[in-house]
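Trainee: show me the folded form of this:
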Amino acid sequence: MGMMKVRDYKQNPFIVIWEVTRMCPLHCLHCRAAAQLHPYPGELTTAEGKQLIDQIYSMDNPLLVFSGGDPLMRDDLFELTEYAAGKGMRVSITPSATPRLTRKAVIRSKEAGMKRWALSLDGADAETHDAFRGVSGSFERTLKAISYLNEADIRFQINTTVTQYNVDKLPQMAELLTELGAAVWTLFFLVPTGRGKLLQPISPEKHEAVMHWAFNMQEHVPYIISTTEGQFYRRVVYQENAKRREQGLAPIGHHQDDLAKAPRGTNDGNGFVFIGHTGDVQPAGFLPIQCGNVKETPLPEIYRNHPVFQALRDPDSTKGKCGVCEFRFVCGGSRSRAYALTGDYKAAEPYCVYIPKALRAAKC
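Mentor: Numbering: from 1, shown residues only. The predicted model follows:
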């Protein structure tokens, strides 16, 4: 399969996130899950996990990400990795910075066929990051893990949850990631769900400012800058590159990286699907609408046919300004944030300040 092939999101996702466990010893301020030290009843078994991997592979072999909790707390993690990699799947992992994050684990993951690691950094120093993560020493442990990844020549991604708490430290973070050798920096824009309800999001105006800052930074850093639950970054990129073309300048864009960039934008339930630790299927981890369980219904059937997924893939049915926005097919707004703040996953993106042309024309 050509990695950058444009797939039909109505049939197959570009990326699948499987929460293999909710076990985790950390107490992160933004966590959407109720993590604990022991497995929850009903977590998918090894056999059920392999059946799920078969179903995921059948959907045009999308990217597969093992998340948690801390996936390293699952004893069969590398067995599942070998099974998926043996089918030719591209497998990534988002571990927690715990004592399990060792050089041995990094080497074992490479032997099993893991292609990419994603680690979280929410500050450019230990004080900021550790306070956010709720565990002292998390920052240093993350840096040590990065040294293991660089030593093993494994490319890695850094995820940063952007809130009022750390937004002013993003420039320092950008410098640090250059020094560390990151391949991708993903800015996660806060969705107030789970423990994240206690955090203070940045304002809509600040969201727009950060998007423009990220676009301009892309020209000066060696890694890709991407967003999660910040879909309107695609609008900003389009608008700013249009201005550059008018000025005779080359557009600023992502480097080629088939483990980080879809051929076109994904959104909750639209190119993206989340499977919880017990097999429950949601459009996204931050959009807690249960649409079935893979123990009872095959994942392809849920993704392709469930009414919620079908509605999420119809941007014309989105309410408010998102439904008439000229960027609705490339952006679509965060359906998770709309749901978290309004209770309606089809409501307009609450943090986007852009006024669509259709509404501007109506006022004239």
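
Trainee: taking the centroid of the chain, which residue is nearest it?
Mentor: residue 228 (4.9 Å; CA atoms, centre = their mean).

Trainee: so how far is residue 184 from it?
Mentor: Separation of residue 228 from residue 184 (CB to CB, to the nearest Å): 11 Å. The C-beta positions use only the backbone N, C-alpha and C, and glycine is treated the same way.

Trainee: what of residue 135?
Mentor: For residue 135, the distance to residue 184 - CB to CB - is 24 Å.

Trainee: these two: who's more crowded?
Mentor: The residue with more neighbours, out of residue 135 and residue 184, is residue 184; 22 against 18, by other CB atoms under 10 Å.

Trainee: not counting its neighbours along the chain, what's nearest the more buried one?
Mentor: residue 157 (4.0 Å; CB to CB, 6 or more residues apart in numbering).

Trainee: show me what the one you found is bridged to.
Mentor: residue 118, residue 184 (DSSP bridges).

Trainee: which residues touch it?
Mentor: 92, 116-119, 182-186, 260 (CB atoms under 8 Å, 6 or more residues apart in numbering).

Trainee: what of residue 9?
Mentor: 266, 270-271, 313.

Trainee: residue 349 now?
Mentor: Neighbours of residue 349 in contact, by CB under 8 Å, 6+ apart: 231-232, 322, 331, 333-334, 337-338.

Trainee: please redo it, this time with the cut-off set to 6 Å
Mentor: Going by CB atoms under 6 Å, 6 or more residues apart in numbering, residue 349 touches 322, 333-334.

Trainee: in helices, which of the residues you listed fall?
Mentor: Among the contacts of residue 349, the ones falling in helices (DSSP state H) are residue 322.

Trainee: closest to residue 249 among the contacts of residue 349?
Mentor: Among the contacts of residue 349, residue 333 lies closest to residue 249 (CB to CB), at 28.5 Å.

Trainee: leaving out the residues flanking it, which one is nearest to the closest one?
Mentor: residue 349 (2.9 Å).

Trainee: return the distance of that neighbour relative to residue 231.
Mentor: 7 Å.

Trainee: which residues are in contact with both of the two?
Mentor: Joint contacts of residue 349 and residue 231 (CB under 6 Å, 6+ apart) are 333-334.

Trainee: helices of the stretch 101-250 of the chain, start to end?
Mentor: 103-112, 126-133, 138-151, 170-180, 204-218, 233-246 (DSSP state H, counting those that start in this stretch).

Trainee: what angle separates the fourth one from helix 126-133?
Mentor: Angle between the axes of helix 170-180 and helix 126-133 is 100 degrees (criterion: axes from the mean of the first three to the mean of the last three CA atoms, to 10 degrees).

Trainee: got the angle for helix 170-180 vs helix 138-151?
Mentor: 40 degrees.

Trainee: could you dump the lowest-mean-pLDDT helix or strand in the chain to PDB, C-alpha only?
Mentor: Across the helices and strands of the chain, mean confidence by mean pLDDT, DSSP states H and E is lowest for helix 357-363: a mean of 82. Taking Å, rounded to 0.1, in the frame of the first residue of the first chain, the C-alpha atoms of helix 357-363 are listed here in PDB:
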ATOM      1  CA  LYS A 357     -17.300  34.000   4.500                       C
ATOM      2  CA  ALA A 358     -21.000  33.000   4.400                       C
ATOM      3  CA  LEU A 359     -21.700  34.700   7.700                       C
ATOM      4  CA  ARG A 360     -19.700  37.800   6.800                       C
ATOM      5  CA  ALA A 361     -21.600  38.000   3.500                       C
ATOM      6  CA  ALA A 362     -25.000  37.700   5.300                       C
ATOM      7  CA  LYS A 363     -24.100  40.700   7.500                       C
END
